[in-house]
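Chemist: structure for the following, please:
(chains A and B)
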Amino acid sequence: MNKVIGLVLLLVGMMLAVGAGANFRYYEAERDVTVAIVADDSELIDLTPLQPYVYLNNGKLTVEISDNHPDYPGHGAGMSPNTTYVFEEMFEVSNDLWENYVEDGNVTLTDAYPICVSISVPLNSDVTLFTGDYNGTSATQLQFTVYHGQPVKIGMVFDNTGASLGADSVQMSIDAEAGECET
Amino acid sequence: MISTKITLPLAAILIFIAAVSISKPIPVSYALENGNSSFTIETPLPPYAFLYHGGNLTIDISENSPFYPGYGEGLSRDAIYQFDDVMRVENNVTQTGASVICVIITSEMNGLKFYYSNTTPAESISITLGEYESANIGIFVNTTDYALGEVSGSFKIQAFEGACE
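Modeler: Next comes the predicted model:
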């Protein structure tokens, strides 16, 4: 009798083993993520300072025209009121997304993976922006396409008309979307 | 004699269980493709995700990634990124043996969220997949509060038979 029960148990055990192996019940996997946090001038969408007025403050692009600038040379502590200043090529935006790398032949095509970049400063601020060389027009909102290997240079206009002495600051925000800008 | 009386019904029950499990269709899974390919629900869609040493899916946005092209060393601070189509989850019926499965992806890393198609990124997402149906998963990374340097974390992929609730 005991032998029979033993045999039955063995059979059941085999059935269960086969059943557990073949029938999908549950799947669980733990997967890793690693992200390098780097300065603005070396990330996927680079913001690189081009003028001494622009620097990386703990990795973040900062425009500072005052004696608070870490590299303030000791002269030219700021701008004067009722004056308009135009700075060309303050910083540049480049497209270093990995999607630009084309495996085929190890070549990088400049038109592989363009991005549409928007930069804005608050409306009614005394700061306006432009791309490339200054041609007399600037705006609080810019939109332009950036291809890999073809950085776009951003200039800034400071219209200090009616401004009083002291420090002023605005926040610039940058947004990039995959694909060329729709015109 | 007493002990036999007890064990006989027990044996009957055991046989009954065995019979039930036999009467079910038993899918048999076996790999026909690459020798080391074990059953996974997820597949990386490079360059930001890949199979680490040919094994598990890994998301790596740093110079250590085999897909690092020599530029774009990582992400910057205080920014929000969305990468579409970083990986694909699929109900491969040959492997799951289930006509419908529910896949749940859960972030275990600060600032990391997931989304698919046009859904709002969330810390945990669930997708119902029919036979051979797949979905491309995107990742959302908010680097606010991240310091310069390497940040690591993980996420969990779970799947079970049947539709998501």
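Chemist: rest of the way, CA atoms for contacts and neighbours
Modeler: Fine.
Chemist: okay, buried residues for stretch B:69-88 please.
Modeler: Residues of stretch B:69-88 classed as buried: B:69, B:71-77, B:81-82, B:84-88 (neighbour count, 16 or more other Cα atoms under 10 Å in any protein chain shown).
Chemist: tell me the pLDDT at the residue nearest in space to the middle of chain A?
Modeler: Nearest to the mean C-alpha position of chain A, counting by Cα atoms, centre = their mean, stands residue A:45 at 4.3 Å. Residue A:45 carries a pLDDT score of 96 in this model.
Chemist: what about the strands in the chain?
Modeler: Chain wasn't specified; assuming chain A. Applying DSSP state E to chain A gives strands spanning A:26-37, A:45-49, A:54-57, A:60-63, A:84-95, A:101-102, A:107-108, A:115-120, A:127-131, A:141-146, A:152-159, A:173-178.
Chemist: meant chain B actually
Modeler: Under DSSP E, chain B gives strands at B:42-44, B:49-51, B:57-61, B:80-90, B:101-107, B:112-116, B:124-129, B:134-142, B:149-161.
Chemist: thinking again about what came up before, for residue B:94, which of the strands of chain A is the nearest?
Modeler: strand A:26-37 (14.8 Å; Cα to Cα).
Chemist: the closest one to strand B:112-116, inter-axis angle?
Modeler: Relative orientation of strand A:26-37 and strand B:112-116, computed by axes from the mean of the first three to the mean of the last three Cα atoms, to 10 degrees: 120 degrees.
Chemist: low pLDDT regions in chain B?
Modeler: For chain B, the stretches with pLDDT under 70 are B:1-38.
Chemist: quick one: residue A:27 and residue B:160 touch, right?
Modeler: Yes. At 6.3 Å, residue A:27 counts as touching residue B:160 under the criterion of Cα atoms under 8 Å.
Chemist: for these two, indicate the residue with more neighbours.
Modeler: Neighbours per residue (other Cα atoms under 10 Å in any protein chain shown) separate residue A:27 from residue B:160, with residue B:160 holding more: 19 against 16.
Chemist: distance of the more buried one relative to chain A?
Modeler: 4 Å (Cα to the nearest Cα, to the nearest Å).
Chemist: leaving out chain neighbours, which residue sits closest to residue B:131?
Modeler: residue B:99 (5.0 Å; Cα to Cα, 6 or more residues apart in numbering or on different chains).
Chemist: go on, residue A:35?
Modeler: Counting by Cα to Cα, 6+ apart, the nearest residue to residue A:35 once its immediate chain neighbours are dropped is residue B:61, at 4.8 Å.
Chemist: distance of the closest residue to residue B:140 other than its chain neighbours from residue B:137?
Modeler: If you skip the residues right next to it in sequence, residue B:140 has residue B:82 as its closest partner in space, 4.4 Å away by Cα to Cα, 6+ apart. Using Cα to Cα, to the nearest Å, one obtains 11 Å as the distance from residue B:82 to residue B:137.
Chemist: do the same with residue B:165
Modeler: As judged by Cα to Cα, residue B:165 and residue B:137 stand 19 Å apart.
Chemist: ok, residue B:112 next?
Modeler: Taken as Cα to Cα, the spacing of residue B:112 relative to residue B:137 amounts to 13 Å.
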